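*Asks:* I'd like to go over a predicted model; first the sequence, then the structure.
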Amino acid sequence: QVQLEESGGGLVQAGGSLRLSCAASARTFSDANMFWYRQTPGRQREMVASITSGGDTRYMSAVKERFIISIDVTKNTVQLQMNNLKPEDTAVYYCNAQFPTGTPNRYMSYWGEGTLVTVSS
């Protein structure tokens, strides 16, 4: 069973930076597609950034040019560098790992418990 654990959340002033990290146990990220999602009360969870096993990245429009997703294979972690944070970035951020199953377009999905990011104005 893969377990994901996020860290790095906290309180920061607008314009500041935070670096989230997601560590996995029991399996490496080398063949996984990795995602960071965020959620605020009363709203659906939304995808913030993703990185494929091939290194292709995607970002939601609201965080482009400010957030960077990356994988550290040696540490088996995925990071989300968040710069120029805004109050609207306040949310619980979740790490999601999707591992191939061998069946085309079928993946095993795992979630962390989330880490809270609060950006004050």
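*Replies:* Thanks, I have it. Numbers count the residues shown, from 1 in each chain.
*Asks:* which parts of the protein are strands?
*Replies:* 3-7, 10-13, 18-25, 33-39, 46-51, 57-59, 67-72, 77-82, 91-100, 107-111, 115-120 (DSSP state E).
*Asks:* from the contact counts, what lies against the last one?
*Replies:* Okay, so that is strand 115-120. Packing partners of strand 115-120 (3 or more Cβ pairs under 8 Å, 6 or more residues apart in numbering; DSSP states H and E): strand 10-13, strand 18-25, strand 91-100. Using the backbone N, CA and C atoms, a C-beta is placed for each residue, glycine as well.
*Asks:* so what strands line up beside the first one?
*Replies:* So that's strand 10-13. The pairing partners recorded for strand 10-13 under DSSP bridges are strand 115-120 (parallel).
*Asks:* tell me what angle the strand it pairs with forms with strand 91-100.
*Replies:* Counting by axes from the mean of the first three to the mean of the last three Cα atoms, to 10 degrees, strand 115-120 lies at 140 degrees to strand 91-100.
*Asks:* can you give me the buried ones in strand 115-120?
*Replies:* 115, 117, 119 (16 or more other Cβ atoms under 10 Å).
*Asks:* how far does stretch 40-60 sit from its chain's centre?
*Replies:* Its chain's C-alpha centre and that of stretch 40-60 lie 7 Å apart, by Cα atoms, centre = their mean, to the nearest Å.
*Asks:* averaged pLDDT, that stretch. What do you get?
*Replies:* For stretch 40-60, mean pLDDT rounds to 96.
*Asks:* stretch 73-89 too?
*Replies:* In this model, stretch 73-89 has a mean pLDDT of 95.
*Asks:* in it, what's buried?
*Replies:* Neighbour counts over stretch 73-89 (16+ other Cβ under 10 Å) mark 77, 78, 79, 80, 81, 82, 85, 89 as buried.
*Asks:* fine, thanks again, bye for now.
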